[in-house]
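K.L.:
Let's see this in three dimensions:
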Amino acid sequence: MPVKPFLILQLRPEAEASDDEFRAILQKGGLTEDRVRRIRLEREELPQLDLADYAGVIVGGGPGCVSDAPEEKSPLEKHIEDEVMSLMPAITSGDVPFLGCCYGIGILAHHLGGAVSKERYGEPVSVVRATATEAGRADPLLTGIDGPFDAFVGHKEAVQALPEGCVHIVAGDGCPFQMIRFGENVYATQFHPEADGEVFALRIRIYRDKGYFAPEDADRLTAAARLGNPGAGAKILRNFVDRYG
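P.N.:
Sure, this is the predicted structure:
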């Protein structure tokens with residue numbers, strides 16, 4: 001029987017950031033290009049998909065925020081959000097293997113009726129300490145991760161309360177909902193499991209004028225990101241691929 005590919009949905013309008021994110025997902029997940037189908041939603045329509053044809057769905061990050069008012073979103077941001085949201089009913093009702101990274105936690109929580117906003121818990125570009133909850137320590141995606149770990153974050157909005165039906169599996173001091181699970185197979189992270197210091201260095205350069213941080217802080221943030229240990233995030237991504245691939 002042929003091995004099913006993973007579906008990778010990307011949302012970043014900047015080609016350099018999108019390509020680097022794609023490379024990082026493949027590298028950290030132990031994937032090759034022939035094992036994935038990549039769709040860049042900023043430049044193509046989402047085709048008719050049968051999710052049963054895929055081992056799982058991975059959604060990358062992006063500069064948009066689901067909590068922004070409709071009039072604050074560009075037509076492109078609205079298009080990207082609508083395309084991803086259109087898949088969530090089938091993913092959640094079918095418990096389809098899903099890993100939403102950063103933007104993905106807002107998409108999942110918003111679809112489930114949870115509160116996503118900039119009121120509390122939004123995080124500047126940084127490396128923070130994250131810790132598995134009791135439920136998280138028993139979760140297959142956290143196998144091999146012992147104790148607190150470094151999480152690469154940079155998100156203007158956050159989940160304000162655990163959505164109904166979700167399990168809280170990774171916590172953080174500044175933002176409590178760092179990773180959640182719905183059902184048995186639908187996951188989302190506030191942090192970027194594919195990131196490392198060099199990935200963040202590139203994003204800091206690209207997004208320095210997008211409101212994530214004061215532009216004059218770019219060099220300091222880049223240096224701090226390069227000190228972070230990306231091992232645990234990579235392990236989570238690899239565990240997802242190994243479990244469902």
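K.L.:
just checking, what packs against the longest helix seen in the chain?
P.N.:
Using DSSP state H, we find that the single longest helix of the chain is helix 75-94. On a contact count with 3 or more Cβ pairs under 8 Å, 6 or more residues apart in numbering; DSSP states H and E, helix 75-94 meets strand 56-59, helix 103-111. Where C-beta positions appear, they are placed from N, C-alpha and C, glycine not excepted.
K.L.:
what is the mean pLDDT for the helix or strand following the longest one?
P.N.:
Translated: helix 103-111. Per DSSP states H and E, the first helix or strand lying C-terminal to helix 103-111 is strand 116-117. Here strand 116-117 scores 96 as its mean pLDDT.
K.L.:
right, and the helix or strand after strand 116-117?
P.N.:
Using DSSP H and E, the helix or strand that follows strand 116-117 in sequence is strand 123-132.
K.L.:
May I have the beta-bridge partners of the residue minimising distance to the centre of the chain?
P.N.:
The chain has C101 as the residue nearest its centroid, 0.6 Å off, counting by Cα atoms, centre = their mean. With DSSP bridges applied, C101 shows beta-bridge pairing to T189.
K.L.:
who are the neighbours in contact with S18?
P.N.:
Listed by Cβ atoms under 8 Å, 6 or more residues apart in numbering, the contact set of S18 reads 10, 12, 40, 42, 60.
K.L.:
hmm, I was thinking of V3
P.N.:
35, 55, 245.
K.L.:
Next: G165.
P.N.:
G165 touches 112, 182-183, counting by Cβ under 8 Å, 6+ apart.
K.L.:
For it, give its distance to A52.
P.N.:
G165 sits 22 Å away from A52, going by Cβ to Cβ, to the nearest Å.
K.L.:
got it, and G104?
P.N.:
From G104 across to A52, the span is 21 Å (Cβ to Cβ).
K.L.:
So between these two, which is more surrounded?
P.N.:
Comparing G104 with A52 by neighbour count (other Cβ atoms under 10 Å), the higher total belongs to G104, at 26 against 9.
K.L.:
give me every residue that touches the more buried one.
P.N.:
By Cβ under 8 Å, 6+ apart, the contact list for G104 reads 59-61, 84, 98, 188-189.
K.L.:
For E14, which non-adjacent residue is spatially closest?
P.N.:
I206 (5.5 Å; Cβ to Cβ, 6 or more residues apart in numbering).
K.L.:
Distance of the one you found relative to E16?
P.N.:
In this view, I206 and E16 are 6 Å apart by Cβ to Cβ.
K.L.:
cool, A171 as well?
P.N.:
A171 sits 33 Å away from E16, taking Cβ to Cβ as the criterion.
K.L.:
same deal with Y121?
P.N.:
From Y121 over to E16 the distance is 29 Å, taken as Cβ to Cβ.
K.L.:
Those two: which is more packed in?
P.N.:
Neighbours were counted for Y121 and for E16 using other Cβ under 10 Å; Y121 has more, 19 against 12.
K.L.:
Once you drop chain neighbours, what's closest to the more buried one?
P.N.:
Of all residues not flanking Y121 in the chain, A158 sits nearest, at 3.5 Å (Cβ to Cβ, 6+ apart).
K.L.:
any low-confidence regions in the protein?
P.N.:
Confidence mapping of the chain against pLDDT under 70 gives the ranges 1.
K.L.:
Show me the strands in it, by range?
P.N.:
For the chain, strands defined by DSSP state E occupy the ranges 6-10, 36-40, 56-59, 98-101, 116-117, 123-132, 149-155, 158-159, 166-172, 179-182, 186-189.
K.L.:
Make JSON lines out of the ones you listed and add distance to L227.
P.N.:
Compiled in JSON lines, those are given as follows (distance: least, Cβ to Cβ, whole Å):
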{"stretch": "strand 6-10", "distance to L227": "27"}
{"stretch": "strand 36-40", "distance to L227": "30"}
{"stretch": "strand 56-59", "distance to L227": "27"}
{"stretch": "strand 98-101", "distance to L227": "21"}
{"stretch": "strand 116-117", "distance to L227": "30"}
{"stretch": "strand 123-132", "distance to L227": "7"}
{"stretch": "strand 149-155", "distance to L227": "9"}
{"stretch": "strand 158-159", "distance to L227": "24"}
{"stretch": "strand 166-172", "distance to L227": "18"}
{"stretch": "strand 179-182", "distance to L227": "22"}
{"stretch": "strand 186-189", "distance to L227": "21"}
